[in-house]
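K.L.:
here is my input, please return the structure:
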Amino acid sequence: MDLLGKTSCNHIVGIPPVAYILDTCPRCLRMEEYGGVAYDTGGKVQTITGVSQIGQQIRKILTENIRSSGYGFDYSLLRGVIDSPTISVIKNEVVRCITYLYNLQQQSKKEGFNYRPDEEISSIQSVDAYQSTTEPRTVVVALIVLTVSGAQASVTLSLKR
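P.N.:
A predicted model of the protein is given here:
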């Protein structure tokens with residue numbers, strides 16, 4: 001179980017409320033999601049489990065710039081011309097990020113943490129990346145990760161320079 005880290009944006013911001021469109025929304029900045037912790041209508045913190053949790057962890061590692069520990073995506077790969085060799089390198093970087101998450105889970109298990117079978121990464125089924133046809137500075141990554149229970153976690157994410 002993990003905290004729900006993103007909230008879908010309805011593009012209505014402020015008091016009094018002002019309606020924005022996706023391209024001009026000051027809350028989500030064209031990302032369609034915003035925030036850290038999400039609350040339900042009763043004020044309780046929302047949580048997620050299973051493949052949704054794995055999907056959130058994958059989105060987190062791919063949207064954060066690489067740290068010295070190795071966590072995060074190397075956004076320097078998005079500089080310059082995005083061609084076939086660059087797309088191949090980006091796919092390899094995505095695989096490295098998922099492998100990093102897998103290794104974190106394995107280390108946590110050695111330290112005594114027990115994962116639910118639908119929250120533990122078993123393998124990467126597929127990774128695809130392509131340049132967006134509408135925004136040439138964006139690379140879209142689509143991947144599927146298999147859990148120990150056999151469930152699939154599917155993530156599609158736009159990586160922007």
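
K.L.:
could you pull up phi and psi at the residue most central in space within the chain?
P.N.:
By C-alpha atoms, centre = their mean, the chain has its centre lying nearest to Arg59, at 0.7 Å. The phi/psi pair for Arg59 (degrees, to the nearest 10) reads phi -60, psi -40.

K.L.:
then Ser126?
P.N.:
Here the main-chain torsion angles of Ser126 (degrees, to the nearest 10) amount to phi -160, psi 150.

K.L.:
low-confidence ranges in the chain?
P.N.:
1-7, 29, 34-38 (pLDDT under 70).

K.L.:
what's the domain layout of it?
P.N.:
1-48, 53-160 (automatic domain parsing).

K.L.:
what's the most buried one of these?
P.N.:
domain 53-160 (a mean of 15; mean count of other C-beta atoms under 10 Å). Where C-beta positions appear, they are placed from N, C-alpha and C, glycine not excepted.

K.L.:
span of that domain from start to end?
P.N.:
23 Å (C-alpha to C-alpha, to the nearest Å).

K.L.:
same question for stretch 9-24.
P.N.:
Taking C-alpha to C-alpha, stretch 9-24 runs 12 Å from one end to the other.

K.L.:
show me what it is in contact with.
P.N.:
Identification of contacts with stretch 9-24 by C-beta atoms under 8 Å, 6 or more residues apart in numbering yields 25-28, 30-34.

K.L.:
this structure: strands as residue ranges?
P.N.:
If DSSP state E is used as the criterion, the strands of the chain fall at 2-3, 7-8, 12-13, 18-19, 33-34, 47-48, 121-131, 138-147, 152-160.

K.L.:
neighbouring strands - and their directions - for the third one?
P.N.:
Meaning strand 12-13. Strand 12-13 has the following strand partners under DSSP bridges: strand 18-19 (antiparallel).

K.L.:
on that earlier part again, which of the contacts of stretch 9-24 fall within helices?
P.N.:
When DSSP state H is applied, the contacts of stretch 9-24 are split such that none fall in helices.

K.L.:
for those residues, which one is nearest Ala153?
P.N.:
Nearest to Ala153 among those is Glu33, at 17.2 Å by C-beta to C-beta.

K.L.:
what about that closest one, distance to Ser123?
P.N.:
For Glu33, the distance to Ser123 (C-beta to C-beta, to the nearest Å) stands at 27 Å.

K.L.:
how close does Ser132 get to Leu159?
P.N.:
Taking C-beta to C-beta, one finds Ser132 at 10 Å from Leu159.
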